[in-house]
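Chemist: coords below, sequence missing:
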């Protein structure tokens, strides 16, 4: 009887130890993986061309190896009042970086936006250029990018399609406040002959556990020329729960 008890206890201890080792190995494999993916869902409060409360969804994925980094971002925003749609925004961006020196890289970027907040039916931009890591410390990182591009857009009212060349300028700052919280600030400028646009994306992210995080973000978008009846500034405040897998 005592032998059976001891055998059972030994088996339980062995199983627990094996499970712990397996979980640790799984975590190490996740750390070594070149993939990182995050999905977020949250509440949005907007002011500007639309004043409403709504829901937003975002999806980010990245694949990074020695010289290459590929990133994709999808963001949607839908709002309605009394079953009438008042906002419908979709944004997709993709970027590829090729690092040819430890601090220097070439980049190519594509973005497509369908956003009736601004009076534009859609806007598509393709651009490429040079980037450099100006700060690459453990807690602070700052990247700068510049390059030429091409933009095509369509105005909703009156219906009009146009295109132009542009210069794209980007700054990306990241501050690792602690092991569970980080602050990011992105500035994106697209300067063309017909239209100048810049965006500011400020975010604070705090981890809840290994897979969940709370993210507070404040986005500002400015267009120097907008269709009649629209404002130049759009401001969006979001609070999302992010899931990393």
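Modeler: Yep, it's here. This one's a predicted model, so the numbers in the text were calculated from it and none came from an experiment. Residues are numbered from 1 along each chain as shown.
Chemist: quick check: domain ranges of the protein?
Modeler: Per the record, the chain has its domains at 1-32, 35-244, by automatic domain parsing.
Chemist: Check those domains for me and report the most buried one.
Modeler: domain 35-244 (a mean of 15; mean count of other CB atoms under 10 Å). Glycine gets a C-beta too; all of them are placed from N, C-alpha and C.
Chemist: Now do the end-to-end distance for it.
Modeler: Chord length of domain 35-244, first to last residue, is 11 Å (CA to CA, to the nearest Å).
Chemist: Could you tell me how far it lies from the centre of the chain?
Modeler: 6 Å (CA atoms, centre = their mean, to the nearest Å).
Chemist: Show me the shaky parts of this protein.
Modeler: 1-31, 44-47, 50-52, 82-83, 117 (pLDDT under 70).
Chemist: ok, which stretches of it are helices?
Modeler: Taking DSSP state H as the criterion, the chain contains helices spanning 2-32.
Chemist: For the residue nearest to residue 214 when sequence neighbours are not counted, list each beta-bridge partner.
Modeler: Of all residues not flanking residue 214 in the chain, residue 206 sits nearest, at 5.1 Å (CB to CB, 6 or more residues apart in numbering). Note on residue 206: beta-bridge partners by DSSP bridges are residue 181, residue 214.
Chemist: give the contact list for residue 206.
Modeler: 180-181, 213-215 (CB atoms under 8 Å, 6 or more residues apart in numbering).
Chemist: From residue 194, how far out is the spatially closest residue to residue 160 that is not a sequence neighbour?
Modeler: Sequence neighbours aside, residue 154 is the residue nearest to residue 160 in space, at 6.9 Å (criterion: CB to CB, 6+ apart). Note on residue 154: its distance to residue 194, by CB to CB, to the nearest Å, is 13 Å.
Chemist: Between those two, which contacts overlap?
Modeler: residue 162.
Chemist: In contact with residue 186, which residues are there?
Modeler: Taking CB under 8 Å, 6+ apart, we find residue 186 in contact with 170-173, 199-201.
Chemist: for residue 174, same thing?
Modeler: By CB under 8 Å, 6+ apart, the neighbours of residue 174 are 140-142, 182-184.
Chemist: what two of those are the furthest from one another?
Modeler: Greatest spatial distance in those: 142 and 182, 13.7 Å, computed using CB to CB.
Chemist: returning to what we had before: so which of the contacts of residue 186 sit within strands?
Modeler: 170-173, 199-201 (DSSP state E).
Chemist: Looking at the residues you listed, which one is closest to residue 115?
Modeler: For these, the closest approach to residue 115 (CB to CB) belongs to residue 199, at 11.9 Å.
Chemist: bridging residues for the closest one?
Modeler: residue 188, residue 221.
Chemist: That one contacts residue 188, doesn't it?
Modeler: Yes. Here residue 199 lies in contact with residue 188, judged by CB atoms under 8 Å, at a distance of 4.5 Å.
Chemist: rewinding a little: tabulate the ones in strands among the contacts of residue 186 in a markdown table, adding columns for distance to residue 114.
Modeler: Below are the ones in strands among the contacts of residue 186 laid out as a markdown table (distance: CB to CB, whole Å):
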| residue | distance to residue 114 |
| --- | --- |
| 170 | 22 |
| 171 | 26 |
| 172 | 24 |
| 173 | 28 |
| 199 | 16 |
| 200 | 21 |
| 201 | 19 |
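Chemist: got the contact list for residue 135?
Modeler: 141-142.
Chemist: gap between the closest residue to residue 201 other than its chain neighbours and residue 197?
Modeler: Once flanking residues are discounted, residue 201 sits nearest to residue 186: 4.3 Å by CB to CB, 6+ apart. Between residue 186 and residue 197 the computed distance is 14 Å (CB to CB).
Chemist: same thing with residue 180?
Modeler: Taken as CB to CB, the span from residue 180 to residue 197 is 34 Å.
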